[in-house]
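Engineer: what follows is a predicted structure for the sequence shown.
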Amino acid sequence: MSDKTKPSFSKALFSGVLLDELVFPYPEMEAEEAEDLKMMQDTFKKFAEDNIDSEKIDENSKIPDEVLNSLKELGFMGLSVPEEYGGFGLSATAYTKMFELFGGVDPSLAITLGAHQSIGYKALVLYGNEAQKKKYLPKLSSGEMLAAYCLTEPGAGSDAAGIQTRAIRDDKNGVYILNGSKIWITNGGIADFFTVFAKEEIIDKNGEKKDKISAFLVTRDMGGVTSGKEENKLGLKGSSTTEVFFEDVKVPIENLLGERGKGFKIAMNVLNNGRLGLAGGSIGALKVLLKEALGHISQRKQFKKTLSEFEMIKEKVAQITIDLFATESMIYLTSGLVDSGEVDYSLESAMCKVRATEISWIGLNECLQMVGGLGFMKEYPYQRYLRDGRINMIFEGTNEILRMFTALAGIQERGQVLRKIGTALKEPIKGYGVLTDYAAEWIKGRISTERIQDVHKSLSTAKVQFETWAKNLHFSAERALMHNGKKIIYREMIQKRLADAATDLYAMIAVISRVDSLITKKGEEKAANEINMCTIFCDQAWRRVRRNLLMVDSNNDKGMSKLSDFIVEEKKYPFEA
Ligand SMILES: Cc1cc2nc3c(=O)[nH]c(=O)nc-3n(C[C@H](O)[C@H](O)[C@H](O)COP(=O)(O)OP(=O)(O)OC[C@H]3O[C@@H](n4cnc5c(N)ncnc54)[C@H](O)[C@@H]3O)c2cc1C
């Protein structure tokens, strides 16, 4: 990120500062781009209706070659490739909307397309030099080459810094010799272009030798690249997932991507980028399955009434709708931020990924529940969407790791505040005083007066709920820091609550901003449903925030940890009734 980068709304929130200029008005796509996007969406919908049979893809564990070839011809492999290299150069918003559509039609297909462009060649788009881009992007954009992202190894999953794949630089011959293996690589069996992360020995400024991660552009035709057998998975059966082996692969030095030793940052930034597409795909799947379930519950009768007339079914339909609306608001607020220029959106994209994958999982499960036994039958799509959706909470950063990231990055606020906390964290005893001074300064100063801009009167309760609990997030985060000092990095149960509270607050502001803009555009009466959703969502959300923040200070964490240690030691549930 450059110095021009605008601050993150949510990171500032942890410091009690409401940067409402970043989130108001709700972003809107330019008319011309919206028109292009609609054409692209219509083309894909028509193609999917005629050619994509998801039941068969799941049954045969394969996307037919004809389908992939046609998608290549239609240009769907180059959505994020800049136009000068033959792609569509879509904005983050248009790109995410396309992935929403793909995720709804067929999650296996969405992940194949996503692994190719959200992560497979994204590092090249973000960090490649002109020669590298000219050489590979046109082929990747046309689909002549398919891409994969190779980070995970048997010993390095969440702890990606622990990778063992090694690159040895041979300056004399102008190559790196790459050795190692990667597991569970999406597109592993069908890709010919791999963004590979490997360790190399680098001499640092002090003349010391250090192992650092670098990123490499590797192609199958370099020789020494082989794929393992296709994994037999719970879901996403149509997508290719294999081990990929690199044995004495001679990678030309010019295929080093970005700076030597900066590969870990590249790997993480690519994932930051990919997360919005995954979030879009997750809500796309839920929208489609909800539609399917609605068809059933509005015609199936029990007790002489249709299922949709029962209150518990109504609650499910309403809750799924509200969760979709709120999550969609977060996602497209974030994509709008990305499109608005250089902005730090790492926290927001992580929050979107966590929230979207979880409301999707819960919602898909509720759709299955609403249709009863029928949902368990293989000839209906419910079980397939549920199986396909399960992985979303695991890959591209597990939701646990992303919660840790959200809380810790939030706590480490920018600028002077960051430096103060940074010093305090390094010197927890002396730092206590610094933190206390800092807290007092903020409590007396800006925090108590922070407000967001005026919104339509129908949203004023939601606005006050947001402001009140935003302030409390800041106080709770600060207390957590004061009480735990440096050890906050190990207090994951606290991190989880702070992350969930911050996510709810971001969702609240996204919904308020979206509905406020909508009222301005079409009037209060026509926005009645959206106002209702905003009211209900914010009412639900602040209660969750309150619960999470109260439990930052008062909780059973010690007891929970102790119990877990005991059970792990016992290696089973040891109690008998
Ligand atoms: C279908 C599929 C496709 C994939 N595609 C790719 C791909 O294209 N490229 C690629 O590089 N990788 C890919 N992966 C790998 C994926 O990114 C990893 O599975 C993921 O990063 C998690 O690593 P792990 O499975 O080793 O779990 P682990 O890291 O072993 O974690 C296991 C559990 O422990 C939790 N955990 C770990 N550390 C902590 C902690 N500090 N605090 C709390 N909880 C913790 C995790 O959240 C998780 O719940 C894919 C995986 C699958 C299943």
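Structural biologist: Yep, that arrived. Small disclaimer: the values here were computed from a predicted structure and weren't measured.

Engineer: same for the helix or strand harbouring Met482, what does it pack against?
Structural biologist: Taking DSSP states H and E as the criterion, the element that holds Met482 is helix 460-484. Packing partners of helix 460-484 (3 or more C-beta pairs under 8 Å, 6 or more residues apart in numbering; DSSP states H and E): helix 9-14, helix 399-411, helix 415-426, helix 428-444, helix 492-522, helix 528-553. C-beta coordinates here come from the backbone N, C-alpha and C atoms, glycine included.

Engineer: looking at those, which is buried most?
Structural biologist: Of all these, helix 9-14 carries the top mean neighbour count, a mean of 26, counting by mean count of other C-beta atoms under 10 Å.

Engineer: what sits up against it?
Structural biologist: 18-19, 22-23, 337, 344, 347-348, 351, 406, 409-411, 413-414, 470, 473-474, 477, 498, 502, 505-506, 509 (C-beta atoms under 8 Å, 6 or more residues apart in numbering).

Engineer: and what of stretch 154-171?
Structural biologist: Here stretch 154-171 has contacts from 151-153, 176-183, 196-201, 213-214, 216, 246, 251, 253, 264, 267, 397-398, 400-401, using C-beta under 8 Å, 6+ apart.

Engineer: from the residues you listed, list the ones also adjacent to the ligand.
Structural biologist: When contact is defined as C-beta under 6 Å from any ligand atom, the contacts of stretch 154-171 meet the ligand at Leu151, Thr152, Thr398, Glu400, Ile401.

Engineer: burial of the first one, as a residue count?
Structural biologist: Just to be clear, that refers to Leu151. 24 (other C-beta atoms under 10 Å).

Engineer: in the protein, what residue is nearest the ligand?
Structural biologist: Gly157 (1.8 Å; C-beta to the nearest ligand atom).

Engineer: for Lys182, see how far away that residue is.
Structural biologist: 11 Å (C-beta to C-beta, to the nearest Å).

Engineer: what distance do you get for the residue nearest to Gly16 when sequence neighbours are not counted to Gly295?
Structural biologist: Residue nearest to Gly16 in three dimensions, not counting chain neighbours: His474, with 3.4 Å by C-beta to C-beta, 6 or more residues apart in numbering. Here His474 is placed at a distance of 46 Å from Gly295 (C-beta to C-beta).

Engineer: more neighbours: which of these two?
Structural biologist: His474 (24 against 11).

Engineer: helix or strand for Phe245, which one?
Structural biologist: Using DSSP H and E, Phe245 falls in strand 241-252.

Engineer: ok so, going back, isn't the residue nearest to Gly16 right up against Ile411?
Structural biologist: No: applying C-beta atoms under 8 Å, one finds His474 not in contact with Ile411, separated by 10.2 Å.

Engineer: and stretch 211-223, what's buried?
Structural biologist: Residues Lys212, Ile213, Ser214, Ala215, Phe216, Leu217, Val218, Thr219, Arg220, Met222 are the ones in stretch 211-223 that count as buried (16 or more other C-beta atoms under 10 Å).

Engineer: keep only those of the residues you listed that are in strands.
Structural biologist: Residues of the buried residues of stretch 211-223 located in strands (DSSP state E): Lys212, Ile213, Ser214, Ala215, Phe216, Leu217, Val218, Thr219.

Engineer: adding pLDDT, write the residues you listed out as a markdown table.
Structural biologist: Below are those laid out as a markdown table (pLDDT from 0 to 100):
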| residue | pLDDT |
| --- | --- |
| Lys212 | 97 |
| Ile213 | 98 |
| Ser214 | 98 |
| Ala215 | 98 |
| Phe216 | 98 |
| Leu217 | 98 |
| Val218 | 98 |
| Thr219 | 98 |
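
Engineer: in TSV, list the residues you listed along with distance to Trp542.
Structural biologist: Below are these laid out as TSV (distance: C-beta to C-beta, whole Å):
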residue	distance to Trp542
Lys212	45
Ile213	42
Ser214	46
Ala215	42
Phe216	48
Leu217	47
Val218	49
Thr219	52
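
Engineer: for Gly157 and Lys182, indicate the residue with more neighbours.
Structural biologist: Lys182 (26 against 16).

Engineer: now for the helix or strand in which Gly559 is found, which elements pack on it?
Structural biologist: Assessed by DSSP H and E, Gly559 sits inside helix 557-570. Here helix 557-570 touches helix 492-522, going by 3+ C-beta pairs under 8 Å, 6+ apart.

Engineer: ok, the helix it packs on near the ligand or not?
Structural biologist: Yes: for helix 492-522, a contact with the ligand is found by C-beta under 6 Å from any ligand atom, at Glu492.

Engineer: model confidence over that helix, on average?
Structural biologist: Averaged across helix 492-522, pLDDT comes to 98.

Engineer: that helix packs against which elements?
Structural biologist: So helix 492-522, by 3+ C-beta pairs under 8 Å, 6+ apart, packs with helix 9-14, helix 311-339, helix 346-370, helix 399-411, helix 460-484, helix 528-553, helix 557-570.

Engineer: centre of the chain versus the fifth one, how much separation?
Structural biologist: Remark: helix 460-484 is offset 24 Å from the chain centroid, using C-alpha atoms, centre = their mean, to the nearest Å.

Engineer: how about the fourth one?
Structural biologist: If you compare the mean C-alpha spot of helix 399-411 with that of the full chain, they lie 12 Å apart, counting by C-alpha atoms, centre = their mean.

Engineer: kindly export that helix (C-alpha atoms) in CSV.
Structural biologist: Taking Å, rounded to 0.1, in the frame of the first residue of the first chain, the C-alpha atoms of helix 399-411 are listed here in CSV:
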residue,chain,number,x,y,z
ASN,A,399,-12.7,-17.6,9.4
GLU,A,400,-10.8,-18.0,12.7
ILE,A,401,-7.6,-16.5,11.2
LEU,A,402,-9.5,-13.7,9.6
ARG,A,403,-11.2,-12.9,12.9
MET,A,404,-7.8,-12.7,14.6
PHE,A,405,-6.6,-10.5,11.7
THR,A,406,-9.6,-8.2,12.0
ALA,A,407,-9.2,-7.7,15.8
LEU,A,408,-5.5,-7.3,15.8
ALA,A,409,-5.2,-5.1,12.8
GLY,A,410,-8.1,-3.0,14.2
ILE,A,411,-6.4,-2.6,17.5
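
Engineer: tell me the angle of it relative to helix 460-484?
Structural biologist: Counting by axes from the mean of the first three to the mean of the last three C-alpha atoms, to 10 degrees, helix 399-411 lies at 90 degrees to helix 460-484.

Engineer: ok, and what's touching helix 399-411?
Structural biologist: Contacts of helix 399-411 (C-beta under 8 Å, 6+ apart): 10-11, 13-14, 158, 346-347, 350-351, 353-354, 357-358, 393, 397, 421, 477, 480-481, 488-489, 492, 494-496, 498-500, 502-503.

Engineer: ok and that helix relative to helix 346-370, angle-wise?
Structural biologist: Using the same axes, to 10 degrees: helix 399-411 against helix 346-370 is 140 degrees.

Engineer: how about the second one?
Structural biologist: Using the same axes, to 10 degrees, one finds that helix 311-339 and helix 346-370 are set 160 degrees apart in direction.
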